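Chemist: I'll drop the sequence and a predicted model, then ask my questions.
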Protein chains: 2
Amino acid sequence: MSDNQAPKQPTRRGFLAGGGALALAGWLGGASGVARAAAGHAKAAPAKDQEAFYGPHQGGILTPQQQNSYFAAFDLADTAKRDDVIALLKTWTDAAGRLTRGQPARALSGQPDKAPLDSGEAVGLATARLTITFGFGPGLFSKNGVDRYGLAARRPEALVDLPKFNGDQLVPEKSGGDLSIQACADDPQVAFHAVRQLAALADGVANVRWVQTGFASGAPGGGTPRNLMGFKDGTNNPSPKDPALMNQFIWVGDEGGWMKGGSYLVARRIRIALEHWDKTELGFQQEVVGRYKDSGAPLGQKHEFEPLKLDAVDKDGNPVIPDTAHSRVASPQENDGARILRRAYSYNDGANFTAERWPPWRQGIEYDAGLFFLAYQRDPRTGFIHINKKLAAMDMMNQYITHVASAVFACPPGARPGGYIGEALFAGL
Amino acid sequence: MSDNQAPKQPTRRGFLAGGGALALAGWLGGASGVARAAAGHAKAAPAKDQEAFYGPHQGGILTPQQQNSYFAAFDLADTAKRDDVIALLKTWTDAAGRLTRGQPARALSGQPDKAPLDSGEAVGLATARLTITFGFGPGLFSKNGVDRYGLAARRPEALVDLPKFNGDQLVPEKSGGDLSIQACADDPQVAFHAVRQLAALADGVANVRWVQTGFASGAPGGGTPRNLMGFKDGTNNPSPKDPALMNQFIWVGDEGGWMKGGSYLVARRIRIALEHWDKTELGFQQEVVGRYKDSGAPLGQKHEFEPLKLDAVDKDGNPVIPDTAHSRVASPQENDGARILRRAYSYNDGANFTAERWPPWRQGIEYDAGLFFLAYQRDPRTGFIHINKKLAAMDMMNQYITHVASAVFACPPGARPGGYIGEALFAGL
């Protein structure tokens, strides 16, 4: 990295040394590392590039979106003991708290005859607003009809298996999962580092099932980021700054039992046929979205945040925003008021060979890129499922996009210091 | 993106409007876009997040490393006409000049009945120090023994096909290529956007063969970035700030004919067995590298940039830096003084299922991650090939890494304004 590009944040090393907490400089520094690690539990003043881990809600949901994401889904493959799951969640909680403070995942010994307790690639990097968000998939509660951990009775009603939607082409190995971790940060290496440590800590209990990297590039002046279709994405999101909206649509309330204060995450890997899209006329692109590409304003209007005028018609009596435009079909007005909090990342996984199975039988290399759609909601039945049933059937955008992977997770409330993620689920068992 | 994370650079829109050049705000703005596009050729004062495109050398070689990279190799698949290749290079040169100034790849019409001339996802983003570096693979000069473009006699002697190295497990579809484009920027969306536009402009002449994303995360205070092994990577690079060194080792001199002022790029996709590495004792990791993990100093020394003391022995007479340590085997001292300019990016392409073919027959999901090794040199025969022959045979690191893809490209000198990349190659034909 060039000096003139250096961000202004303190380094992990610098911040931590200065704050009197665990100095990462000492992570390999011999026995003194133990003492420093112990000191690492002392409370440090939060730096401006740190997001709180402990609290009533998990981080990474309402947190202003970071630029990079690394998501991993896990299978609980190697144990039938509930206590192993609880121990893992305690370990993960402690490690996540440390990582989000810019510390290594575990207290370190620095002994040369031991494998390092942290893989080290985040040493010296900024904390980069790292958040770590955990989720529980249906398989934690029962799998193939087996109640492995005695939790089947505690499966929330809202944690439904997603139905098959029209047009789904889901790859099973990249879908589902018993547990999930999403790390978001303003540095891709920091995000991956976090998941890599947590995955290593799961050894013998849970194995990685699938992973997905993502990025979201924002304009320097702020504003709604554009996705790979070149359109602003997220304009119609409910504002995370509006607690009443969040309580109504995002956070689970009293109805949720142990999930109160949590939220349900739906993840969909949506491949976009960029080559096809790029050859589509601008006018039609805008009809597909229902918005202008440049401004993000609804068709027929001027400004991005003006409400959709779904009743407006042109001089021939045709709707200004077509009946099958994405923004119309997804709108709360057409979905009994349903709203979800979209927190999507673009993904770019290279390029693959593909061959069409219809005339003109084209074949060649295609980008494996698109949108890693992530949305939080109070109840998937009245949220994503309600909206996507309509989208899957009607959305004009479907000729350019394909849902190729899918998962749903119950993201429990945040942990209190000294507690652990999911504690309420296991209470009294 | 949150406001508090907004970088300080001007936006593309803001900069361009302020500079009197093409306003991206007008890219979809109707017929006036044509006039603005014409004005876009006017010279604008370079902003601090812009790197020069035109000059004696191409950008992206000595340029301080940006945080993100998108690399694409192309096959010249659809034409046997030299003029088509020349026309493509002219188009690419013009577009690359525009993109690196924060403009769209082509002058825009904004007509709704035409496909947009820019896919749009970089509108509003910073220019992000975008560089675009072009290369010519062996296939441009002859392919399968056919001299398609009458260029076989102009193939530089130094542009050799790389030999098969010990341990290579190369995937042919991800290797080679007749042409290459590397876009580097401090924003992944800006880098991908650039290649996406250039690939679209190649329609009918060249097709994407393979692509690779990469990232390099630096410490806020500067310094050598760490790779995914957690070690500092690039300590021993010759300094790009030393013109004599660059002329000696990186830039082609009078010996190169039309390549004078250019450089040869070797690209290797090196998968790292992270799971295996993470379980390796710290002491052994350090012996493998020949350096301390924390400081990056050579074994037996204190500071990162101290020279390797290859003759030092411990009290038992064993070398302090083992005979097969990576840094020893790669060192100029052991390679007749050979030096190359490494400009590597980490890659992180998700995770795949793998099954061992030897006891204990483990199987499971493995990270598809590692190092996208990129190195520039005056002559690959005395540069990468010389060094890697020894590394492939002796490097202790080979038990953790596998070269899975490979390519070599002649990167011609930079273009002059009004000229085009590779102009000297075609002169007089």
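Modeler: Thanks, I have it.
Chemist: and the helix ranked longest in chain A, how far from the chain's centre?
Modeler: In chain A, assigned by DSSP state H, the helix with the most residues is helix A:82-100. Here the centre of mass of C-alpha atoms in helix A:82-100, compared against the chain's by C-alpha atoms, centre = their mean, to the nearest Å, lies 19 Å away.
Chemist: contacts for that helix?
Modeler: A:40, A:50-54, A:59, A:76, A:79, A:104-106, A:127, A:130-132, A:134, A:140, A:149-151, A:181, A:193-194, A:197-198, A:201-202, A:205-206, A:415, A:417, A:419-422, A:426, A:429 (C-beta atoms under 8 Å, 6 or more residues apart in numbering or on different chains). The C-beta positions use only the backbone N, C-alpha and C, and glycine is treated the same way.
Chemist: ok, now stretch A:137-148?
Modeler: Taking C-beta under 8 Å, 6+ apart as the rule, stretch A:137-148 contacts A:73, A:75-76, A:80, A:85, A:149, A:151-152, A:154-155, A:159, A:161, A:176-180, A:407-410.
Chemist: just how off-centre is it within its chain?
Modeler: Offset of stretch A:137-148 from its chain centre (C-alpha atoms, centre = their mean): 23 Å.
Chemist: Ends of stretch A:201-218, what's the gap?
Modeler: Stretch A:201-218 has its terminal residues 33 Å apart, counting by C-alpha to C-alpha, to the nearest Å.
Chemist: Sorry, wrong one. I was asking about stretch A:291-309.
Modeler: Using C-alpha to C-alpha, the gap from the first to the last residue of stretch A:291-309 comes to 11 Å.
Chemist: so does the longest strand along chain A get close to chain B?
Modeler: In chain A, with assignment by DSSP state E, the single longest strand is strand A:363-377. Yes - contact of strand A:363-377 with chain B (C-beta under 8 Å from any C-beta of the partner chain) involves A:364-365, A:367, A:369.
Chemist: Flag the shaky bits of chain A, pLDDT-wise.
Modeler: Counting by pLDDT under 70, chain A has low-confidence residues at A:1-47, A:108-109.
Chemist: Which stretches in the stretch 101-250 of chain A count as helices?
Modeler: A:188-201, A:243-249 (DSSP state H, counting those that start in this stretch).
Chemist: in stretch A:139-152, what's buried?
Modeler: Within stretch A:139-152, the residues scored as buried using 16 or more other C-beta atoms under 10 Å in any protein chain shown are A:139-143, A:148-149, A:151.
Chemist: on that earlier part again, apply the buried test to the contacts of helix A:82-100 and list what passes.
Modeler: A:40, A:50-51, A:53-54, A:59, A:76, A:79, A:104-106, A:127, A:130-132, A:134, A:140, A:149, A:151, A:181, A:193-194, A:197-198, A:201-202, A:205-206, A:415, A:420-422, A:426.
Chemist: And the longest helix of chain A, what's buried?
Modeler: By neighbour count on 16+ other C-beta under 10 Å, the buried set for helix A:82-100 is A:84-86, A:88-100.
Chemist: thinking again about what came up before, would you mind writing the PyMOL command to select the buried ones in the residues of strand A:363-377 next to chain B?
Modeler: Typed into PyMOL, the line below selects the buried ones among these, using 16+ other C-beta under 10 Å:
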select buried, chain A and resi 365+367+369
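Chemist: now residue A:352, nearest residue through space, not along the chain?
Modeler: Nearest residue to residue A:352 in three dimensions, chain neighbours excluded: residue A:368, at 5.1 Å (C-beta to C-beta, 6 or more residues apart in numbering or on different chains).
Chemist: my guess is the one you found meets residue A:349, correct?
Modeler: Yes - the criterion here is C-beta atoms under 8 Å, and residue A:368 meets it with residue A:349 at 4.4 Å.
Chemist: For chain A, just list every one of the strands.
Modeler: Under the criterion DSSP E, chain A contains strands at A:68-76, A:131-136, A:179-185, A:206-215, A:263-272, A:341-342, A:345-355, A:363-377, A:401-411.
Chemist: For residue B:303, find the nearest of those.
Modeler: Proximity to residue B:303 (C-beta to C-beta) singles out strand A:179-185 among the strands of chain A, at 29.7 Å.
Chemist: Many thanks, we can stop here.
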